[in-house]
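Engineer: need a 3D model of the following:
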Amino acid sequence: MKKVLLLLAFSFIALFTTGTDKDEVSSEITAYYFHNARRCVTCKAVEDVAYNALKELSGGKIILKAVNLDNKTNKNLINKVGAKGQALLIVKGDKKIDLTTEGFLYARSDPDKLVQKIREALDSLK
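Structural biologist: Numbers count the residues shown, from 1 in each chain. Predicted coordinates for the structure are as follows:
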């Protein structure tokens, strides 16, 4: 009987200590593409290449979240992530990798190179 009670006690302790807490939530990788309402061909290419690369590299677990900088409902997220303008960011907890420059350099001229940069960023966050 003591063993059963002890087992139940440990089960309850395990249930209450292994819930979703801040550490678990912040350990997820999130990708954002912050953009303006008016977008050029390169802006659209950055989003397309990044979206497809993240989907393929993560097996669909990381989806690029496109965020319109001009939409006032996005202000809290923009401030939280620290986006100062158009940006391609990969975030995990307090770590933020800014791939904006690479995105605009390679999305149209060398998409495979942008995919490689995204792969390296994801690997560094594991």
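Engineer: which residues touch the host helix or strand of D48?
Structural biologist: For D48, the element it lies in under DSSP states H and E is helix 41-57. Applying Cβ atoms under 8 Å, 6 or more residues apart in numbering, the contact partners of helix 41-57 are 31, 33, 35-36, 62-64, 66, 86, 88, 99, 103-104, 106-108, 111, 114-115, 118-119, 122. The C-beta positions use only the backbone N, C-alpha and C, and glycine is treated the same way.
Engineer: by mean pLDDT, point me to the weakest helix or strand of the protein.
Structural biologist: In the chain, the helix or strand scored least confidently by mean pLDDT, DSSP states H and E is helix 22-26, which has a mean of 39.
Engineer: parallel or antiparallel, which strands does whichever helix or strand comes after that one pair with?
Structural biologist: Elements were assigned by DSSP H and E; along the chain past helix 22-26, the next helix or strand is strand 29-35. Each strand that pairs with strand 29-35, with its direction, by DSSP bridges: strand 64-68 (parallel), strand 87-92 (antiparallel).
Engineer: ok and strand 29-35 relative to helix 41-57, angle-wise?
Structural biologist: Computed by axes from the mean of the first three to the mean of the last three Cα atoms, to 10 degrees, the angle separating strand 29-35 from helix 41-57 equals 170 degrees.
Engineer: what's the nearest residue to the residue nearest the centre of the chain if we skip its chain neighbours?
Structural biologist: With distances taken as Cα atoms, centre = their mean, the residue of the chain nearest its centroid is T30 (1.3 Å). Among residues not flanking T30 along the chain, V91 sits closest, at 5.0 Å (Cβ to Cβ, 6 or more residues apart in numbering).
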